[in-house]
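In: When you get a sec, could you give me coordinates for this:
(2 chains)
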Amino acid sequence: MPEPNGGSPPPDHVTLTIDGQRVSVPKGTLIVEAAKRVDIEIPVFCYHHKLNPVGACRLCLVEVSPGPPKPQTACTTPVAEGMVVRTNSPLAVGARADILEYELVNHPLDCPVCDKGGECPLQDYTFRHGYPTSRVDAPRLHFQKPIPLSGRIALDRERCVLCYRCTRYYDEVAWEQELTVEQRGVESYIASQFDRPLQSIFSGNIIDLCPVGALTSRVWRFESRPWDMDHTASVCSRCAVGCSVTLWQRRNQLVRVTSHENDEIDEGWICDRGRFEYTHVNDPDRLRVPRVAGRDTTWDVALDALTAGLRGRSLGISLPRDVTNEELHLLGRLLAGPWKGARVALEGRTRLPAPGGETLRIAGIDGCRAVVVVASDLADDAPIVNLRVKKAVAKLGARLVVVNPGDIDLDRWPAAVHVRYEPGGAAAAVRGLAGHELLASGPVAILWGDGRGTEDTADLAAAVAELASRVDGRSMPLYRATNERGALAADLVHGVDDLDGCEAVLCWGPPATGAIPPTATFVAVWDTQLRPEHGQPDVVLPAASFAETQGSYTNLEGRVQFLRPVLRLDPPLREGWELLCEIGQRLEVPDMDFAGIFQVQRAAAQASPAFSALADPPAPGPVPTPVLYGPARP
Amino acid sequence: MALSTHAIEEIRALPARFPEIRSAVMPALDIAQDELGHLTQEAMSEVAELLKLDPGYVEGVATFYTLFRLEPTGKHHFSVCTNLSCTLRGAVEICDHIKKRIGVDEFREVSADGLFSVEEVECLGACEYAPMMRYQHRYHYDLTTGSVDELIDRAREEGDA
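Out: Next comes the predicted model:
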């Protein structure tokens, strides 16, 4: 922060001058970060605030005095007391322009057909810091292009400026070596290991990291121009981590999902499920009109058929993993009234019990001296928490203990201690950890899953609580379904959640148990699309997708986050809460007449302390700038 | 498995000699190349497995250095310097002569009998003995067509034996 009113800076700060502006920053801060505080742009390619500095691209050259009589890289030089930095001196300006001229020696300048065009740092920097023409007329290097790195990512080696952000990300953050630099010098290029397709679930982040058009999304390829899209910061609906995402729409189609940096949860990374699995929203065959007995009809007819079909039969309800808190609250009212006694199943849920109280926050993993991961392959169950553990271990020096019957992603860490057990024995294995020398100094993060159904979760919960009390531990149950924690708080899902024996089934989303129970004589499906496992339903209700729905999820750490719809909901599609209200009114449940979702949220907050956060949803605020290459983008 | 038990043992013994396991990659690749003549994907994967590294990292190292060969070479591989001093003293003629004698048209082409190949390399730091080449881990100085013929004939005899 700029010095407030001339007050003296804190003792661990140093004061320097950048282009005549005084700024106080903590010791050890790099010049490039200090410049962001006073809104001075120092262009960077290789530097990224979440990766270790490397100084490869030389674009951040500035003049530093006292210092050697040549430009210095702002991305590797820490600040010092009394330092004077000039980003606009003739030496610095000329140095950066020269570097940009070099970067463009082999660049194909195919901006008109490049997906990065319009949000490309190379393009922007060339306009702002580069020369208008080039003095180089040597032949350019040519590569085959585009090369599919995987089904979802294309690589264009001609556009690459060799900043190594992608390979460094793979190495430092994801702990993978699928991506590598081959050959050397001017001939070096990025390649996947032995030209095999990338496998990592974290691969998509290299698209956001790439400061040029070398790595682009094949899912979004040639879909739209950045300036033709609107975007909204929302929450990912794929799993219980609840990463912040930016949803992009054009002509009311969801065309792209990118990360949206939130240091509390995701630190700017999202997994490939969240990034690429959105195309069903735009599916031309998507359900848009209610159906009864295979024929399109009106909502009136369909809801009459639904309420009639469910009446008097033993009822089973299958919920989608991304059911919102608001929908859960309304459903709770129905289950307390006309649908009393119905069995409820939640898609993709673990068998973990409801948390007793506050649990460890994702950002809290950073402060832990040791991390214990029990009965879960984090990379699969909670991918972005997996990256947070990798950061704590590799960058912050936490010790890692893996308690799992088999090898998991985190075993890539050479110093990881692996405690094996026979499936079903996780609780005993956890009890055996008490007094382990690696857990001697806390705090200890204990992340525990359900072993994909092999573990007695009640016993495991008790074992984790015992361990936590003995080693200064903080427990984090790893729920899987997006709003599993909200569903547990609403007390809607408990015990076994099979729907066996139900005579009438309302299947919202894919069937939670994998199939509609054969005992069902009446089946209603409420989904964005008909799936093979739905069979031949009697009633079909079209559902709104995560990109059109208002509502909130409670993520696995207990944080309530709000969806911000980016698409307009075209009639006759209706949001989930609206439809549940309508059903409630038809079944004469009292007080189901809500004018808007804010009323539902207030009612939910009053009814249950678990939903108190719904009373005051944060205002949407100005549309945030998506994080494509660093948050402070002047 | 591409590597012999002996080579595997040698590679396994390497990490103990270095503070950082990645430092063992180059000597390990050297052992693998000595045995196989060039580095195959299988060999790189095996080296990676033996050193508990990722194959992608090993591949990156292998492609960086020209001394690691990714294409097959002849059993007898001549690396002739064609930098300034050597060229002034007739390196190009030496190369042409070798190519003719072993029956290839191009550098890095393997002769029909699989015995020979020749490549041109950058300065090997022995300009005072130009023209020179590296052959079987040794420098051979002051090359003439005669001295090259001698080496080729000896290699052929070995091949027949």
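In: ok now do residue 32, which residues does it touch?
Out: If you meant another chain, say so; for now it's chain A. Counting by C-beta atoms under 8 Å, 6 or more residues apart in numbering or on different chains, A:Val32 touches A:Ile42, A:Val44, A:Tyr47, A:Cys60, A:Ala74, A:Cys75. Every C-beta, even on glycine, is put in place using the N, C-alpha and C of the backbone.
In: To clarify, I was referring to chain B.
Out: B:Ala32 is in contact with B:Ala2, B:Leu3, B:Ala7, B:Ile11, B:Leu39, B:Ala43, B:Met44, B:Glu46, B:Val47, counting by C-beta under 8 Å, 6+ apart.
In: what's the burial count for the third one?
Out: The number of residues packed around B:Ala7, counting by other C-beta atoms under 10 Å in any protein chain shown, is 21.
In: Pull up the gap between it and chain A, please.
Out: 21 Å (C-beta to the nearest C-beta, to the nearest Å).
In: follow-up on the earlier one: could you dump the contacts of B:Ala32 to TSV with pLDDT?
Out: Putting these into TSV (pLDDT from 0 to 100) gives the following:
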residue	pLDDT
B:Ala2	82
B:Leu3	89
B:Ala7	93
B:Ile11	94
B:Leu39	93
B:Ala43	93
B:Met44	94
B:Glu46	94
B:Val47	95
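In: Can I get the residues you listed in TSV including secondary structure?
Out: Shown next, in TSV, are those (DSSP: H, G, I helix; E, B strand; the rest coil):
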residue	secondary structure
B:Ala2	coil
B:Leu3	coil
B:Ala7	helix
B:Ile11	helix
B:Leu39	coil
B:Ala43	helix
B:Met44	helix
B:Glu46	helix
B:Val47	helix
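In: quick revisit: which one of the contacts of A:Val32 is nearest to chain B?
Out: If you rank the contacts of A:Val32 by distance to chain B using C-beta to the nearest C-beta, A:Tyr47 comes first, at 21.5 Å.
In: Now, the contacts of A:Val32 that are in helices?
Out: Using DSSP state H, no member of these falls within helices.
In: In contact with the residue of chain B found nearest chain A, which residues?
Out: Across chain B, the shortest distance to chain A (C-beta to the nearest C-beta) belongs to B:Asp54, at 3.0 Å. B:Asp54 makes contact with A:Glu176, A:Gln177, A:Glu178, A:Gln193, B:Ala48, according to C-beta under 8 Å, 6+ apart.
In: wait, doesn't the second one sit right on B:Pro55?
Out: Yes. The pair A:Gln177 / B:Pro55 is scored as a contact, 7.2 Å apart, by C-beta atoms under 8 Å.
In: Spell out which residues of chain B are next to chain A.
Out: Contact residues (C-beta under 8 Å from any C-beta of the partner chain) of chain B with chain A: B:41, B:44-45, B:52-57, B:59-60, B:63-65.
In: and A:Ser469, how many residues sit next to it?
Out: When neighbours are counted by other C-beta under 10 Å, A:Ser469 registers 11.
In: tell me how far whichever strand or helix holds it is from the chain's mean position?
Out: A:Ser469 belongs to helix A:457-470 when assigned by DSSP states H and E. Distance of helix A:457-470 from its chain centroid, counting by C-alpha atoms, centre = their mean, to the nearest Å, is 29 Å.
In: partners of the next helix or strand after it in the sheet?
Out: Per DSSP H and E, the first helix or strand lying C-terminal to helix A:457-470 is strand A:473-477. Sheet pairing of strand A:473-477 (DSSP bridges) gives strand A:444-448 (parallel).
In: Do a quick rundown of the strands in chain B.
Out: Using DSSP state E, the strands found in chain B span residues B:76-81, B:116-121, B:133-135, B:138-140.
In: could these go into JSON lines alongside distance to A:Leu334?
Out: Shown next, in JSON lines, are those (distance: least, C-beta to C-beta, whole Å):
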{"stretch": "strand B:76-81", "distance to A:Leu334": "80"}
{"stretch": "strand B:116-121", "distance to A:Leu334": "79"}
{"stretch": "strand B:133-135", "distance to A:Leu334": "83"}
{"stretch": "strand B:138-140", "distance to A:Leu334": "87"}
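In: could I get those as TSV with mean neighbour count and distance to A:Val373?
Out: Below are the strands of chain B laid out as TSV (neighbours: other C-beta atoms under 10 Å in any protein chain shown; distance: least, C-beta to C-beta, whole Å):
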stretch	mean neighbour count	distance to A:Val373
strand B:76-81	23	50
strand B:116-121	22	50
strand B:133-135	21	51
strand B:138-140	14	54
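In: Which pLDDT value belongs to residue 128?
Out: No chain was given, so I picked chain A. Note on A:Arg128: pLDDT of 89.
In: um, chain B though
Out: Per-residue pLDDT puts B:Glu128 at 94.
In: ditto for the one 4 residues further on
Out: B:Met132 is assigned a predicted lDDT (pLDDT) of 96.
In: I'd like to check which residues are in contact with it.
Out: Contact analysis of B:Met132 by C-beta under 8 Å, 6+ apart lists B:Val80, B:Cys81, B:Cys86, B:Leu124, B:Ala126, B:Tyr139, B:His140, B:Tyr141, B:Asp142, B:Leu143.
In: So what touches the helix holding A:Ser469?
Out: Outside of helix A:457-470, the residues within contact range by C-beta under 8 Å, 6+ apart are A:350-353, A:356, A:372, A:374-375, A:426-428, A:430-431, A:433-435, A:444, A:446, A:448, A:450, A:473-475, A:477.
In: ok, of those, which come out buried?
Out: A:350-352, A:372, A:374-375, A:426-427, A:430-431, A:433, A:444, A:446, A:448, A:450, A:473-475, A:477 (16 or more other C-beta atoms under 10 Å in any protein chain shown).
In: Name the nearest of the contacts of B:Met132 relative to A:Tyr169.
Out: Of all the contacts of B:Met132, B:Leu124 has the smallest distance to A:Tyr169: 38.4 Å, by C-beta to C-beta.
In: Burial check on the closest one, number of neighbours?
Out: B:Leu124 has 17 neighbouring residues, counting by other C-beta under 10 Å.
In: how far away is it from A:Arg238?
Out: As for B:Leu124, its distance to A:Arg238 is 57 Å (criterion: C-beta to C-beta, to the nearest Å).
In: Quick check: closest non-adjacent residue to residue 60.
Out: By default, I'm working from chain A. Using C-beta to C-beta, 6 or more residues apart in numbering or on different chains and skipping the chain neighbours, the partner closest in space to A:Cys60 is A:Ala74 (4.1 Å).
In: try chain B instead
Out: Excluding the flanking residues, the one nearest B:Gly60 by C-beta to C-beta, 6+ apart is A:Thr180, at 4.0 Å.
In: Could you do A:Leu335 as well?
Out: Counting by C-beta to C-beta, 6+ apart, the nearest residue to A:Leu335 once its immediate chain neighbours are dropped is A:Ala342, at 5.9 Å.
In: so how far is stretch A:588-596 off the chain centroid?
Out: 34 Å.
In: Just the buried positions in it, please.
Out: A:Val589, A:Met592, A:Phe594.
In: for stretch A:241-258, same thing?
Out: Residues of stretch A:241-258 classed as buried by neighbour count (16+ other C-beta under 10 Å): A:241-249, A:253-258.
In: Send over it as CSV, restricted to the C-alpha atoms.
Out: Backbone C-alpha positions of stretch A:241-258 (Å, rounded to 0.1, in the frame of the first residue of the first chain) are rendered in CSV as follows:
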residue,chain,number,x,y,z
VAL,A,241,-14.3,-27.6,-3.3
GLY,A,242,-16.3,-24.7,-4.8
CYS,A,243,-13.5,-23.0,-6.8
SER,A,244,-14.2,-19.5,-8.1
VAL,A,245,-14.7,-19.6,-11.9
THR,A,246,-15.4,-17.0,-14.5
LEU,A,247,-18.3,-18.0,-16.8
TRP,A,248,-18.2,-16.5,-20.3
GLN,A,249,-21.3,-16.2,-22.5
ARG,A,250,-21.9,-15.1,-26.1
ARG,A,251,-25.4,-15.0,-27.6
ASN,A,252,-26.7,-16.7,-24.5
GLN,A,253,-24.4,-19.7,-25.0
LEU,A,254,-21.9,-20.7,-22.3
VAL,A,255,-18.7,-20.6,-24.4
ARG,A,256,-15.9,-20.7,-21.9
VAL,A,257,-15.0,-21.3,-18.2
THR,A,258,-11.8,-19.9,-16.8
